[in-house]
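Undergrad: this one's structure only:
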Ligand SMILES: NC(=O)c1ccc[n+]([C@@H]2O[C@H](COP(=O)([O-])OP(=O)(O)OC[C@H]3O[C@@H](n4cnc5c(N)ncnc54)[C@H](O)[C@@H]3O)[C@@H](O)[C@H]2O)c1
Ligand SMILES: O=P(O)(O)OC[C@@H](O)[C@@H](O)[C@H](O)[C@H](O)CO
């Protein structure tokens, strides 16, 4: 890690947000980006290319060319990834929260292989999850050869981040190019760097990430998922078509009114500024040029319905104040009806709901991770019963 000349950044996950956002900002900051991914076809295509283009769509859109990258297959060529990490300034990832445990061992090996006099490696997870870097850190520490020695941990700085840019699934013929919205925000907790933050233009450095990640996850992602689940039920394919339906729009606005009240109170946000933030997000969902789908945005419903995620976490915060978050509970009920054959978690969810040996309350606790005595369980069990028909 250096505040001076950018060197190398290793980025795990060369998918939509990896190429369309994190890789782009690191490239623009002057880093050589080393993409590490388990998708052999994607890595081969990246390794054979000298550039790709990030196409923005919407008002003020421009194209950006990304060059000066390498691509490594982290499943087939772990040694090369370890070497790259040993020599890098930065490691980032956008692989999905459930994949963090699988990339941690190779990062641990890279840390162990780092020269003793190297500057600390900045590790920053760019996932839609609360404290994703802390989760990654736990897996890395568990995997450190010889244990979490002071020497190993002196070679690394872990910082939580919040990333925001809608990057839809890409067209089959897009190749490496990525279509994205114009908007982006990358907030990173600056406290762990002790004044020596990496130089990445476009990053918003914050003191502590809790307010930034909760504001983002419980507004952008709660609203997005609500649009997806109600849109799916209404037969919409695109997010922009879904949010154009009055009943979907009303449900999304009701959900965001609930999360807004919680966020404004908890993080002492300016209500007017937050209202503008919400309005801008609804405008982003409306972007007709963004080919985003309800199936991508609703993907992995069991993850989205879990305890620390975009529905249950804000709903539990509201319930702890004695109020029942009816719109959030109804949106969770809509999520239960997300029945998409090629989404593994949707199939698993539907199988759970079809299991007549299990009670509604049992399923409500299993899906949300809440104790049976929690005030949300009884009303969510009612939505479970309704979804089971
Ligand atoms: N797409 C968005 O709009 C967006 C925006 C902000 C945050 N995110 C978050 O970024 C993460 C990735 O989302 P995405 O939309 O880019 O998904 P994606 O499926 O397009 O990309 C994920 C990539 O990770 C790779 N991968 C999976 N397992 C791996 C492993 N063990 N090692 C290395 N690579 C591995 C996959 O092959 C894939 O290329 C998620 O946490 C998501 O919530 C996405
Ligand atoms: O990536 P997920 O599955 O957690 O959520 C789906 C979308 O809401 C998400 O990818 C958004 O497009 C993104 O978070 C915008 O910043």
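TA: Here it is on my side, so go on. Predicted, not measured: the structure shown is a model, and the values here were computed from it. Numbers count the residues shown, from 1 in each chain. Ligands and ions are numbered 1, 2, ... in the order given.
Undergrad: Show me what the helix or strand bottoming out on mean pLDDT in the chain is in contact with.
TA: Here the helix or strand of the chain ranked lowest by mean pLDDT, DSSP states H and E is helix 150-153, holding a mean of 82. If you take C-beta atoms under 8 Å, 6 or more residues apart in numbering as the criterion, helix 150-153 is touched by 111, 112, 116, 141, 144, 146. For every residue, glycine as well, the C-beta is placed using N, CA and C.
Undergrad: most neighbours, which of those residues?
TA: Among the contacts of helix 150-153, the one with the most neighbours (other C-beta atoms under 10 Å) is residue 111, at 26 neighbours.
Undergrad: re the thing from before, tell me which two in the contacts of helix 150-153 are the farthest apart.
TA: Among the contacts of helix 150-153, the pair separated by the greatest distance (C-beta to C-beta) is 116 and 141, at 18.7 Å.
Undergrad: Name the nearest residue to the residue in the chain that ligand 1 sits nearest to, ignoring sequence neighbours.
TA: Using C-beta to the nearest ligand atom, residue 15 is the residue of the chain that sits closest to ligand 1, at 1.9 Å. Spatial nearest neighbour of residue 15, chain neighbours left out: residue 94 (6.8 Å); criterion: C-beta to C-beta, 6 or more residues apart in numbering.
Undergrad: Please compute how far the least confident helix or strand of the chain lies from its chain's middle.
TA: Distance of helix 150-153 from its chain centroid, counting by C-alpha atoms, centre = their mean, to the nearest Å, is 28 Å.
Undergrad: List the buried residues in that helix.
TA: Neighbour-count burial for helix 150-153 flags 152, 153 (criterion: 16 or more other C-beta atoms under 10 Å).
Undergrad: Mind giving me the packing neighbours of the helix or strand following it?
TA: Using DSSP states H and E, the helix or strand that follows helix 150-153 in sequence is strand 156-158. Under the contact definition 3 or more C-beta pairs under 8 Å, 6 or more residues apart in numbering; DSSP states H and E, strand 156-158 sits against strand 121-125, helix 132-143.
Undergrad: just checking, the residue nearest to residue 15 touches residue 126?
TA: Yes: using C-beta atoms under 8 Å, residue 94 is in contact with residue 126, at 4.6 Å.
Undergrad: if I look at those two, which residues touch both of them?
TA: Shared contacts of residue 94 and residue 126, defined by C-beta under 8 Å, 6+ apart, comprise 17, 21, 22, 163.
Undergrad: Check what pLDDT the closest residue to the last one other than its chain neighbours gets.
TA: What that stands for is residue 163. Leaving aside its chain neighbours, residue 163 sits nearest to residue 126 (4.4 Å; criterion: C-beta to C-beta, 6+ apart). Residue 126 carries a pLDDT value of 98.
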